[in-house]
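Trainee: Just a sequence and a predicted model for now, questions to come.
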Amino acid sequence: MLRTQTFRNNELFAPWVGCKIQVPTKFAIGEQDLVYHFPGAREYIHGPKFKEEVPLLEEPVVIEGAAHFVNQEKPQEILQLIVDFISKF
């Protein structure tokens, strides 16, 4: 099943391989999120490759004391990030 699903995902996402996200973007992740601790994830998030693929990316934000469900764990902090981000436009 997993192997079939992987191939299906490749088919679905193939048209977007190499595409850049061309809109202003704010990225936040919980400091305790397991994804943030996957090998290479932190380096990608804070390194040049993420910014290369998302040219209008603002500085990524790491929310201390939060894991994967940041919006539920730290709602006021996330709300403030969103309001500050949208207010620029």
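Mentor: Cool, the structure landed.
Trainee: For the rest of this, base every contact and every neighbour count on C-alpha atoms.
Mentor: Will do.
Trainee: May I have the predicted confidence score for the nearest residue to Ala66 once chain neighbours are set aside?
Mentor: Nearest non-adjacent residue to Ala66, counting by CA to CA, 6 or more residues apart in numbering: Gly30, 4.5 Å away. We have a pLDDT of 97 for Gly30.
Trainee: Which strands or helices does the helix or strand Gln76 falls within pack on?
Mentor: Per DSSP states H and E: Gln76 is located in helix 75-87. Helices and strands touching helix 75-87, as assessed by 3 or more CA pairs under 8 Å, 6 or more residues apart in numbering; DSSP states H and E, are absent.
Trainee: Relative to the whole chain's centre, how far out is that helix?
Mentor: Remark: helix 75-87 is offset 16 Å from the chain centroid, using CA atoms, centre = their mean, to the nearest Å.
Trainee: Give me the mean pLDDT for that helix.
Mentor: Mean per-residue pLDDT for helix 75-87: 97.
Trainee: Going forward, count from 7.
Mentor: All set: I'll call the first residue 7, so the last point we hit is now helix 81-93.
Trainee: Flag every buried residue along that helix.
Mentor: Neighbour counts over helix 81-93 (16 or more other CA atoms under 10 Å) mark 84, 87 as buried.
Trainee: Can you tell me the closest non-neighbouring residue to the residue nearest the centre of the chain?
Mentor: For the chain, Phe33 is the residue whose C-alpha lies nearest the centre (CA atoms, centre = their mean; 5.0 Å). Closest residue in space to Phe33, ignoring its immediate chain neighbours: Pro66 at 5.0 Å, by CA to CA, 6+ apart.
Trainee: Tell me the confidence at the one you found?
Mentor: Predicted confidence (pLDDT) for Pro66: 97.
Trainee: next one: Thr10
Mentor: Listed pLDDT for Thr10 reads 53.
Trainee: Backbone dihedrals for Leu63, both of them.
Mentor: Backbone torsions of Leu63, given as degrees, to the nearest 10, read phi -70, psi 130.
Trainee: thinking again about what came up before, OK, contacts around the residue nearest to Ala72?
Mentor: Under the criterion of CA atoms under 8 Å, 6 or more residues apart in numbering, the contact list for Gly36 reads 42, 68-76.
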